[in-house]
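Colleague: could you work out the structure for the sequence below:
(chains A, B and C)
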Amino acid sequence: MNESLPANPRRLATASRNWPMRASLAILGLIALLCLIGPLVSGHPYDQVYRDYVLVRPSLFAHPDAHETHEALEGIARRMRVGAETSREEGGVLHITLSAGRPIDPRALRAFERSDVFGPARIVETSDEGRRVSIDILLKRMVFLFGTDANGRDLFTRVLIAGRISLAVGLLASFVALTIGVAYGAVAGYAGGRIDALMMRIVEIVYALPFIFFVIVLVMVFGRHFVLIFVTIGAVEWLDMARIVRGQTLSIQQRDFVAAAEALGASAPAILWRHVVPNASGTIAAFLAVLVPRVILLESFVSFLGLGVQEPLTSWGVLVADGARNIQGSVHLLIFPALFLGATLGALQSLGDAWQGSPGTGRR
Amino acid sequence: MLRFFLARVATAVPALFIIIALAFFLMRLAPGGPFDTERALDPEIAKNLRRIYRLDLPLMRQFWLYLQNLAHGDLGPSLHWRDFTVNELFAKALPVSATLGAKAMLVAIFAGAALGLAGAMRPGGIGARVVDGAAIFGIILPVFVVAPLLQLGFGLTLHALPVGGWNDGAWQNQVLPVTTLALPQIAIVARLMQAALRDALAMPHIRTLRAFGMPRYHIYIHALRAAFAPVVSYLGLAAANVLTGSVVVETIFGIPGMGRYFVDGALGRDYTLVMGTVIVVAAAVLLFNLIVDLILAWLDPRVRYESRPR
Amino acid sequence: MSSRPGQHLGLFRLFFRVAAVCILAFGLGFPANVGIGGSAPAKMVWHRGELGDPGSLDPHKATTLIESNILDELFEGLVTLDARGEIIPGVASSWTVDTGGTIYDFKLRSDAKWSNGDKVVPEDFVYAFRRLMAPATGAPYANILYTLKNAERINKGELPAEALGVRAVNETTLEIALEQPAPYFISQLAHMTAKPLHRKSIEAFGSDFVRPAHMVANGPFMLREFTPNDRLVLVKNPYYYDSAHVALDAEIFYSLEDRSAALRRFMAGEIQSYDDVPVEQIAFVRAHLAEAFEVTPNLGSYFYAFDTRHKPFGDRRVRQALSMAIDREFLAERIWGGTMDPGYSFVPPGIPSYGAPATVASKDIDPYQREDEAKRLLAEAGFGPGGKKLEVEIRLNNSENHRATAVAIADMWKALGVETRLLATDATSHYALLREKPAFDIARSGWFADYPDAQNFLFLGQSDNQALNAASFKNESYDRLMHEAQVEDLPERRRAILHEAEALLLDEQPYLVLLTYRSRNLVSPKLKGWEPNVLDNHPGRYISIAP
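Modeller: Numbers count the residues shown, from 1 in each chain, chains lettered A, B, ... in the order given. Here you go, the predicted structure:
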């Protein structure tokens, strides 16, 4: 036998098929976990706007830095119409002297509290009939691991929240597609004859319907209910599933145990449910691993057209589309969501491969 | 073969009709109309305009009129491109889209087949890893990320190719769009090819050939023939996928193709233009599937009998 | 077809044949590489990126700014705009007004010609204005020239087109009668609806007169080619009376919808100007293309419309409170990257006949006092601590900038205890909402001047302006003031009345003024004669290109 041909590398293949499967599962698990827990512990609500931190670059270090502190102080002084002078900083506490041509209204000091850089101000000393005020202010400390977006929202939290939406959309739409597809395919395959022919003809017609047109119109019609759209998308994506399941049903139907069940008087739905569907489950699982990424990508296409999920929620598609527009200005807006999206899609993809390839995934 | 062909055509016509009807009425469900632009029109003027474009007639009557015109091959005047009929717009845009799509698919088939072949020859080898890696990469990167990256790389950094524009189809202007369109397809074709080849190599008749000590290239040719079926049957689907990609590619590279009409028509409620694109695309997909079926039937005679209703 | 021996070789052959076709197909594109710009390098061509294509080149069917820019190159009206956007005589060399302010006599230039050599005569204007108003034309913007005598009634089909108050007195004089005095009439004549048309070519070709082969133009340029979504080529009109001073040989407009891609094309030198810059990339552009970046005040307002028909937005206090809580400097500087001005007035600054506009009363109060005041007003209206929670839904058309603005505003209102939801839809749905006016809370809107006059902004608050009064604002004193201004012919008094109206509008706040537009242009330093102006109008007549 020729050595370069795949003679019998089964043992090797199983091993090499298994590690990507495990790695993919690990990646998916990690991402799912991050998306679930991350937003709770990131320290930033996903819709919190930090006006002092618009488009901050990603960094491991805490904000504000000296420059940001200075900028923020200048800004506040301008609004309060006072002069401000920093005397010193120690242990995260700033000593500032404010001066103005008129007595300073202590109520105006809440400007500090409102900013994202400073904590509450404490008056240490008032002099010159209130025209000079010395204050102590605590500096806030914030970390923006992935930087912030154009509204000054923490990108880390937003990427994770987006993950929740994207994954949910992918799973939900796939689930709908799965349910319809399996039911339709199994019925068509089992019924056979004219019914089968008719049902498959319908599938063919829907296939020819330009899909993007359908999606765009649905988004325009149901625009306000994002989830609804993807339920509808699921309702369109069932076609492949129906074909696959029908094929499986046709072949399984000829097997002995189905004939036996029929002979024993089992009803058609029972046979479908007990024998046909479980036997097709391997194929179904593999197909699912292809469908979920497809729906997620589709969502990103819809976002590119500007028809994505509503603010303040977001999805990977929306973030990547925004990031791609921003590619020359702030690359971090693209890189992080793209990384998450890519890792998820890649993992799902190789999971699907592994599933399709490995024996024994279907229940026998 | 002829009967098979005629049977397929016979089902395609009602299919097209159903699609037309569906698209026509779906489109009218979307809020707003073609005259809703940033500056709202005077109600009287808007009414007059609707009358001129016969949008004030009952919907069924509009549909009937539309079908009548369609029967004469007339897709009607565009409501946004008011100086053109839809036929005129398509006369210019279709060749552009067809050129791009066809080239992208050719590139995808050849590059994909080559990669798939390399992958199948040595499973677990470098070739296979490259295929897996490239395939995943090609599938996970959305087109609207790849396109700007290519523009930045080849247009702005290397100054090797134009960043955008069609320029009457000069080849320099086609390279980046074709590449962008082809990338995800290359990935898919490579994976299909690799999987199919592996299966084919394990098929009994190939094993027999091998046992007889046939030369390796000969064996691969046989395997390729068997492996082409899934790739060919994917092409029907690919036509639709390329269309989705072309919407993005045409927008970013500024190319005067069909994809932009598809989206702009729908977003701008240019009813006639949208209907035109839907019809053309649906017809193209149906035609493609027909061709694919014919090729499959030719490649494997069993298909002819299988796809007949039992 | 049946299987025959050696078919596998056939398949291989097929493989190569297809490969050959593929290579051929690529090769075919090769000789086609001849553009106007590419073939003759000696010619002076302005490659001009625009946000979109013209929907129509028929001046009576056009509606957008892009169409207006192109039509200004093709057709010249009685008056026209110079490089700084100021009105200068066009086909009319001079004009007189009667004492009542309703009869205008225009003296036409004797050297004004169409691109086929015909003379431009007063009849051409008479024909064009009648066509504009004829209901059969279906001109969307006919109402801009309802100032002409009998125009509205003709447009509504109540009178024949011949009744229009426009007539040719003799070979060189055109008389235009107005419905009532309109001090802004001369500025209206620069609008695209007021162009002359070449009667013979329209009668010969019907609606196809706009085709490159048929179009007869009287402007500095004429139409050579138009491929939708690709390019529109204009070439110099040799019959134009000032053609000796037109430096450009051609102008090519490219429709570039994707702003980021357009920026990259600009950087690669493929286009010499573009009429927008993606807001997200402002910082990048400022850092790397500072010499090409032109930000100019523009006659456009960006505002939110309250649905004043319904509670709680029918309550002036609620509208005032929401307006007070907004940090407009933040929106202008940080969200829009300094490419908008904080908007405190409804009429943007920069209209010579109007002077400095009125501003909202709270402008000069410091933000924290403003916030206290806003809370007090809300409490009075029954919202806030102890009262109901105010919930607001902002409807907007989907674009990154509108979204970012709304998100920032929602955050600002949070400080008042207001809960804000955003609902973004595609543009057409949004504009349909503004037109149909079902019950809503707040909808994003905006307005750009048709002609530089305050009335063209303030009429958005008139209760009889059904189409454009998105807020459904109804206020008798306001309507009365607007009517007074309409019939007042003393410029100073008219200005004072309009100022009073604006002050009233700002006090009532049916429109929450947010920002004043500035135009963002990318202009290659090689482009000479390009002047920033409030109308963002840049005629090719004055442009030349340095080598």
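
Colleague: enumerate every residue touching the residue of the stretch 201-310 of chain B found nearest chain C.
Modeller: Proximity of the stretch 201-310 of chain B to chain C (CB to the nearest CB) peaks at residue B:256, 3.7 Å away. The C-beta positions use only the backbone N, C-alpha and C, and glycine is treated the same way. The contact partners of residue B:256, taken as CB atoms under 8 Å, 6 or more residues apart in numbering or on different chains, are B:92, B:93, B:96, B:166, B:250, C:227, C:228, C:229, C:230.

Colleague: doesn't the fifth one lie inside a helix?
Modeller: Read it as residue B:250. Yes: the assignment for residue B:250 (DSSP: H, G, I helix; E, B strand; the rest coil) places it in a helix.

Colleague: quick one: it and residue B:260 touch, right?
Modeller: Yes: counting by CB atoms under 8 Å, residue B:250 touches residue B:260, with 4.9 Å between them.

Colleague: joint contacts of those two?
Modeller: residue C:229.

Colleague: hmm, back to that, quick one: the residue of the stretch 201-310 of chain B closest to chain C from chain A, how far?
Modeller: From residue B:256 across to chain A, the span is 18 Å (CB to the nearest CB, to the nearest Å).

Colleague: ok so, going back, ok, so of the contacts of residue B:256, who is nearest residue A:313?
Modeller: residue B:250 (29.5 Å; CB to CB).

Colleague: for the closest one, what are its contacts?
Modeller: Residues in contact with residue B:250 (CB under 8 Å, 6+ apart) are B:97, B:177, B:256, B:257, B:259, B:260, C:229.

Colleague: I'd like these as JSON lines, with pLDDT, secondary structure and distance to residue A:302 appended.
Modeller: JSON lines is the format used below for these (pLDDT from 0 to 100; DSSP: H, G, I helix; E, B strand; the rest coil; distance: CB to CB, whole Å):
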{"residue": "B:97", "pLDDT": "91", "secondary structure": "helix", "distance to residue A:302": "21"}
{"residue": "B:177", "pLDDT": "94", "secondary structure": "helix", "distance to residue A:302": "22"}
{"residue": "B:256", "pLDDT": "92", "secondary structure": "coil", "distance to residue A:302": "24"}
{"residue": "B:257", "pLDDT": "91", "secondary structure": "coil", "distance to residue A:302": "20"}
{"residue": "B:259", "pLDDT": "87", "secondary structure": "helix", "distance to residue A:302": "15"}
{"residue": "B:260", "pLDDT": "87", "secondary structure": "helix", "distance to residue A:302": "16"}
{"residue": "C:229", "pLDDT": "91", "secondary structure": "coil", "distance to residue A:302": "22"}
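
Colleague: how about those, which pair is most distant?
Modeller: With CB to CB as the measure, no two of those lie farther apart than B:177 and C:229, at 13.5 Å.

Colleague: name the residues contacting each of the two.
Modeller: In contact with both residue B:177 and residue C:229: B:250, B:255, using CB under 8 Å, 6+ apart.

Colleague: quick one: average pLDDT of the one helix or strand residue B:226 maps to?
Modeller: Using DSSP states H and E, residue B:226 maps to helix B:216-253. Per-residue pLDDT values over helix B:216-253 give a mean of 79.

Colleague: tell me the confidence at residue B:176?
Modeller: Per-residue pLDDT puts residue B:176 at 94.

Colleague: how about the secondary structure of it?
Modeller: helix.

Colleague: so what's the residue lying closest to it once chain neighbours are set aside up against?
Modeller: Sequence neighbours aside, residue B:150 is the residue nearest to residue B:176 in space, at 5.0 Å (criterion: CB to CB, 6 or more residues apart in numbering or on different chains). By CB under 8 Å, 6+ apart, the contact list for residue B:150 reads B:176, B:179, B:180.
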